[in-house]
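> Please work out how this folds:
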Amino acid sequence: MSTHTQRDLIGLPRLLRERASRHPSKVALVEASDITYAELWHRVTDLAQSYASLGLRPGDRIVIALENSSAYVIAYYAALAAHCVPVALNPLAKAAELARATAHSGARLLVARAENRELEAWLAACPGIPSLLACGERSPAIFRLGTSAFTLKAHAANSLVRSGTRLDSLAALVYTSGTTAEPKAVMLSHRNLLANVESIVQALALTSDERCLVSLPFFYAYGASVLHSHLAVGATLILEERTVYPAKLLARIAEQGATSLPLVPSMLPLLFRCGALGSSDLSSLRRITLAGGTCRPLELVKLHSLLPSVEVFVMYGQTEATARLTCLPAELLEGRINSVGRAIPGVQVEVRGAAGEHLSIGNIGDVYARGPSVMLGYYRDPAATAAVLQNGWLKTGDLGYLDGEGFLHLHGRRTDIIKTGAHRVNPHEIEEVLCELEDVEDAVVTGVPDDIMGEVITARVQTRHGSPLSVEEVQRHCRARLCAHKLPRRVELVVALPRTASGKTLRRRFMKAS
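Sure, this is the predicted structure:
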């Protein structure tokens, strides 16, 4: 194994090494115990070398199904440093979903917690693929191979594989909206990741002084962008559980002196209802960023009134664009509260008609975006790639219009994907599970607007004639087959579903009725 030089590292690992070299004693991650940038980098290089010792080569896929933790960060950055391709998945997903994504990605290694309840079934569905298990109570991150006694050994921090990996090479696969029989994985290059980090750093003026409290899952684009952008500037990330009570979140801000808090809009009603926003010690908090859903103007006004000294940034983006596309700066929030802002540095946004023609100011059409953060395409899906990547532009699937000063105003979306809380859920996956029931003839799943979750999952289930099937039986079946955020909150048993002449269910009728 050759000894690498600085130029052998590219992309995000190179930025991490630079931060570790300049400020080795600066705290990078806060969880059960603090981890400095020097410690983080040494653990990343140790694990990267261990990946290579297990026979992994540049370009090999490594599935990582871990909660927000130092173990996740180390496993992910080690994959990048070893020139492998991390594939981050929801650790709470069911075994069937994990297995489908594992097979689709062609992964050669699985990284997960030994305590993962789905691990045994997941591994059984993926024979021949070794598992690297993260052990310990979140920190420190220790890894071992499967159930054997083999423990990954420490290696010299300067011993990594040489590779011809370039900035335009595939860096990561990100699965969108859950995995169905035909999973959809966004291919991101090292250049994509770097470009989006640089754009976000500029748009938010991020510095190493930031202490960001993050509970957003790293396996989604929003959480990933928070992780990468803050490590890139040498800031401190305070890691919190994905599911957290609002009062606990606010207490953690005071306890850790957090300066920034990324949120999805669906978290705002929960914070308002806990009644602690106006009474908690949030004197350290300087910034809140909101993305991953629609921000309601009344909630933004209320947030500003409760926290007048905190800057609120509204952002919009897509996984297909690595993360963010636009940003509404805090100082413009009051006058542009119905907008998601202007394109961030390096990104162009246009609105076009059905024939691809440019639309004039104020006319609603399809939102397109272009820039170095736009994905390489969908993995193993050239047809889906061709449908959204057109002459260097990304067709986002969202509708909107631009005003006279270039601010983007969204006006719904074409996609059927349900945005519930911080999650993106493909309704077809739930429909497949519902139709597994013998007494179910057909089903249609949609999102219904909700003040707290943004949308709640609603299932209309067409039962077979004379069936004794009950709502309770449907819900019990779903709980056995789906992870919590994919469970229908509302189930309606119907005699028939409306259909087109060709027999397809009229999903849009339900969406309009909602």
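> Let me see the contact set for residue 290.
By C-beta atoms under 8 Å, 6 or more residues apart in numbering, the residues touching residue 290 are 262, 263, 264, 265, 268, 300, 312, 313, 314, 315. For every residue, glycine as well, the C-beta is placed using N, CA and C.
> Just the buried subset of these, please.
For these, a burial check counting by 16 or more other C-beta atoms under 10 Å picks out 262, 263, 264, 265, 268, 300, 312, 313, 314, 315.
> pretty sure the last one is in contact with residue 321, am I right?
No - Residue 315 is beyond contact range of residue 321, at 11.4 Å (criterion: C-beta atoms under 8 Å).
> returning to what we had before: just the ones of the buried ones among the contacts of residue 290 in strands?
Among the buried ones among the contacts of residue 290, the members falling in strands are 262, 263, 312, 313, 314, 315 (criterion: DSSP state E).
> For the fourth one, which non-adjacent residue is closest in space?
In space, not counting the residues next to it along the chain, residue 313 is nearest to residue 289; the distance is 4.7 Å by C-beta to C-beta, 6 or more residues apart in numbering.
> bridging residues for that neighbour?
When assigned by DSSP bridges, residue 289 has beta-bridge partners residue 262, residue 313.
> residues in contact with it?
So residue 289 contacts 204, 226, 260, 261, 262, 263, 312, 313, 315 (C-beta under 8 Å, 6+ apart).
> tell me the helices in the stretch 351-500 of the chain, going along the chain?
Using DSSP state H, counting those that start in this stretch, the helices assigned to the stretch 351-500 of the chain run over residues 382-388, 427-434, 471-481.
> Can you lay out those helices as CSV showing mean neighbour count?
Shown next, in CSV, are the helices of the stretch 351-500 of the chain (neighbours: other C-beta atoms under 10 Å):
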stretch, mean neighbour count
helix 382-388, 13
helix 427-434, 21
helix 471-481, 15
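> ok, back up a step: out of the contacts of residue 290, which one sits closest to residue 498?
When these are compared for distance to residue 498 (C-beta to C-beta), residue 265 wins out at 31.0 Å.
> Check whether that closest one really touches residue 293, as I assumed.
Yes - using C-beta under 8 Å, residue 265 is in contact with residue 293, at 4.4 Å.
> shared neighbours of these two, anything?
The contact sets of residue 265 and residue 293 overlap at residue 454 (C-beta under 8 Å, 6+ apart).
> burial count for residue 309?
9 (other C-beta atoms under 10 Å).
> Just send the buried ones among the contacts of residue 290 back as a markdown table, with distance to residue 425 too.
Output for those, formatted as a markdown table (distance: C-beta to C-beta, whole Å):
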| residue | distance to residue 425 |
| --- | --- |
| 262 | 21 |
| 263 | 19 |
| 264 | 14 |
| 265 | 16 |
| 268 | 20 |
| 300 | 25 |
| 312 | 27 |
| 313 | 26 |
| 314 | 23 |
| 315 | 21 |
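> quick check, nearest of those to residue 362?
Nearest to residue 362 among these: residue 314, at 20.1 Å, using C-beta to C-beta.
> Test my guess that that closest one contacts residue 327.
Yes - under the criterion of C-beta under 8 Å, residue 314 makes contact with residue 327 at 7.4 Å.
> Mind listing the shared neighbours of the two?
With C-beta under 8 Å, 6+ apart as the test, residue 314 and residue 327 both reach residue 341.
> What residues sit buried inside stretch 440-456?
Within stretch 440-456, the residues that count as buried by 16+ other C-beta under 10 Å are 440-448, 450, 453-456.
> Okay, and which of those residues map to strands?
Counted as lying in strands by DSSP E, out of those, are 440-448, 450, 454-456.
> for those, which one is nearest residue 39?
Closest to residue 39 out of those is residue 454 (37.8 Å), distances taken as C-beta to C-beta.
> what's the top helix by length along the chain packed up against?
Longest helix in the chain by number of residues (criterion: DSSP state H): helix 37-53. Under the contact definition 3 or more C-beta pairs under 8 Å, 6 or more residues apart in numbering; DSSP states H and E, helix 37-53 sits against helix 11-22, strand 27-30, helix 70-81.
> next one: the helix or strand that the last one is followed by to chain centre, how far?
It refers to helix 70-81. Per DSSP states H and E, the first helix or strand lying C-terminal to helix 70-81 is strand 85-88. Centroid separation for strand 85-88 versus its chain: 12 Å, with C-alpha atoms, centre = their mean, to the nearest Å.
> got the contact list for strand 85-88?
Here strand 85-88 makes contact (C-beta under 8 Å, 6+ apart) with 59-65, 72, 75-76, 79-80, 101-102, 105, 107, 170-175, 185, 218-219, 224.
> and the residue nearest to residue 66 when sequence neighbours are not counted, what is it in contact with?
Excluding the flanking residues, the one nearest residue 66 by C-beta to C-beta, 6+ apart is residue 72, at 4.1 Å. Contact partners of residue 72, counting by C-beta under 8 Å, 6+ apart, are 64, 66, 88, 218.
> burial of the third one, as a residue count?
The local packing count at residue 88 equals 26, with neighbours defined by other C-beta under 10 Å.
> try the last one
When counting by other C-beta under 10 Å, one arrives at 25 neighbours for residue 218.
> shift numbering so it begins at 56
I'll keep to 56 as the first residue from here, and by that count the last item is residue 273.
> Doesn't it belong to a strand?
No - according to DSSP: H, G, I helix; E, B strand; the rest coil, residue 273 belongs to no strand; its state is coil.
> Please report how far it lies from residue 223.
Distance, residue 273 to residue 223, using C-beta to C-beta, to the nearest Å: 24 Å.
> swap in residue 231?
Residue 231 is 21 Å from residue 223, by C-beta to C-beta.
> Tell me which of those two has more neighbours.
residue 231 (19 against 12).
> quick one, what contacts that one?
Neighbours of residue 231 in contact, by C-beta under 8 Å, 6+ apart: 239, 240, 241, 374, 375, 472, 479.
> Lowest-confidence one in those?
Across the contacts of residue 231, the member with the lowest pLDDT is residue 472, scoring 77.
> re earlier: got the ones in strands among the buried ones among the contacts of residue 345 as CSV, with distance to residue 546 and pLDDT columns?
Below are those laid out as CSV (distance: C-beta to C-beta, whole Å; pLDDT from 0 to 100):
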residue, distance to residue 546, pLDDT
317, 33, 95
318, 29, 93
367, 37, 97
368, 38, 97
369, 34, 97
370, 34, 97
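> any chance of these in a markdown table, with distance to residue 446 too?
Formatted as a markdown table, those follow (distance: C-beta to C-beta, whole Å):
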| residue | distance to residue 446 |
| --- | --- |
| 317 | 33 |
| 318 | 35 |
| 367 | 36 |
| 368 | 31 |
| 369 | 29 |
| 370 | 26 |
